[in-house]
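>>> any chance you could fold what I've pasted below:
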Amino acid sequence: MACYIFGAGDFDGLEERPGAEDYVIAADGGYTACRRAGVEPQLLLGDFDSLAEVPALPHVERVPVEKDDTDMMLAVKRGLERGETLFHLYGGMGGQRTDHTVANFQALLYLADHGARGWLHGRGERWTAIRDGSIVFPARPEGILSVFCVGPDAEGVTIRGAQYPLEGATLTASVPLGVSNHFIGQDIMVEVTHGSLEVTNMKKMVTGVLALVMVLVMVGCGQKDNGVVNGVAKDGATIGEGAKSFTMEVVDKDGGKVTFTVKTDADTVGKALLDQGVIAGENSSYGLYVKTVNGITLDYDTDGMYWAFYINGEYAQTGVDATGVENGAVYAFRAEK
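Next up, the predicted model:
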């Protein structure tokens with residue numbers, strides 16, 4: 001069992017979908033991410049300064065605008081009150097408020113202090129915190145792992161199984177000694193005997209890091225805005241480069257539509273969209289099974305919905321990865337049951 005919390009920051013899809021026994025909390029504007037993921041929260045809470053209209057859900061908790069905790073932190077505390085010990089936080093990085101991102105890093109430490117494990121997901125990264133303890137990351141052929149001291153000196157820091165091992169070292173908050181280690185196909189163990197660490201593992205190098213003020217410093221790298229941010233194309237945007245051009249429509253399960261133009265030299269529509277990062281899925285004997293489109297993930301086995309592919313308004317007879325690019329055509333993905 002786990003507690004899934006959705007915030008109002010950047011959301012680029014779920015790594016794992018909540019199961020029937022998991023508990024889902026939407027923190028204010030995080031309800032939008034819930035809808036995009038096709039997940040219904042058991043609790044919606046916040047001061048609702050990020051939602052134009054408060055949905056009529058069975059369990060809604062309205063809190064004052066002027067308060068000590070962020071909406072995300074309140075959601076963390078509600079989860080702990082239920083006895084939850086494993087937390088997955090989505091929509092907790094990026095967005096328009098870097099200070100809220102920093103607060104969510106602190107929430108990971110709060111969870112560690114209360115005997116729980118928290119994971120902050122986003123931008124191809126997963127962050128967690130450990131205090132006077134250890135954690136093991138399963139082996140991967142590649143990827144990046146970084147370790148940061150949080151607060152006073154972290155003593156007895158050991159890293160085993162990574163490209164750059166460390167044994168019983170002392171890390172400080174002012175020297176980023178643990179940044180940019182690498183997976184080499186082995187389990188990686190990170191341990192601290194006295195002190196606190198924030199640890200991230202990345203599937204690949206990402207173009208964005210954050211700043212945790214005073215105790216954890218990560219400098220934001222600029223990302224070129226080409227109309228796609230974290231796998232989501234903006235409505236009306238033109239993305240990509242190339243001699244051919246087509247229109248792409250994405251219709252979510254609530255009927256909301258985003259339309260954008262794709263320029264490409266790719267041979268197939270699937271390749272053009274994969275190159276821009278706006279679709280993702282699994283390869284099968286029938287071709288690419290698309291599960292995520294423009295940041296929205298559907299799973300037929302879980303919610304009975306899938307992405308239907310259309311060509312010029314007609315249901316496609318070929319998969320997206322087998323459909324040649326026709327200049328000026330209109331392609332669409334529609335969420336259907």
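>>> if you drop the residues flanking it in sequence, what lies closest to the most centrally placed residue in the chain?
With distances taken as CA atoms, centre = their mean, Gly122 lies nearest the centre of the chain, 2.9 Å away. Nearest non-adjacent residue to Gly122, counting by CB to CB, 6 or more residues apart in numbering: Met93, 4.0 Å away. C-betas here are computed from N, CA, C, even on glycine.
>>> and that neighbour, what pLDDT?
Note on Met93: pLDDT of 87.
>>> checking Leu274 next. Helix, strand or coil?
Per DSSP: H, G, I helix; E, B strand; the rest coil, the local secondary structure of Leu274 is helix.
>>> and Val258, by the same measure?
strand.
>>> next: the one 4 residues further on.
Secondary structure state of Val262, per three-state DSSP, is strand.
>>> that one contacts Glu241, doesn't it?
No: Val262 is beyond contact range of Glu241, at 10.0 Å (criterion: CB atoms under 8 Å).
>>> compare those two (neighbour count), which wins?
A count of neighbours by other CB atoms under 10 Å puts Val262 above the other of Val262 and Glu241, at 25 against 10.
>>> tally of neighbours for the closest residue to Asn312 other than its chain neighbours?
Closest residue to Asn312 apart from its sequence neighbours, by CB to CB, 6+ apart: Val330 at 5.4 Å. Neighbour count for Val330, taken as other CB under 10 Å: 14.
>>> Val330 contacts Glu249, doesn't it?
Yes: taking CB under 8 Å as the definition, Val330 is a contact partner of Glu249 at 6.7 Å.
>>> for Tyr289, helix, strand, or coil?
Here Tyr289 is strand, with the state taken from three-state DSSP.
>>> quick check: it touching Gly281?
Yes: between Tyr289 and Gly281 there is a contact at 4.9 Å, judged by CB under 8 Å.
>>> these two - which one has more neighbours?
Legend: neighbour count by other CB under 10 Å for Tyr289 and Gly281, higher for Gly281 (18 against 15).
>>> report the separation between the more buried one and Tyr306.
10 Å (CB to CB, to the nearest Å).
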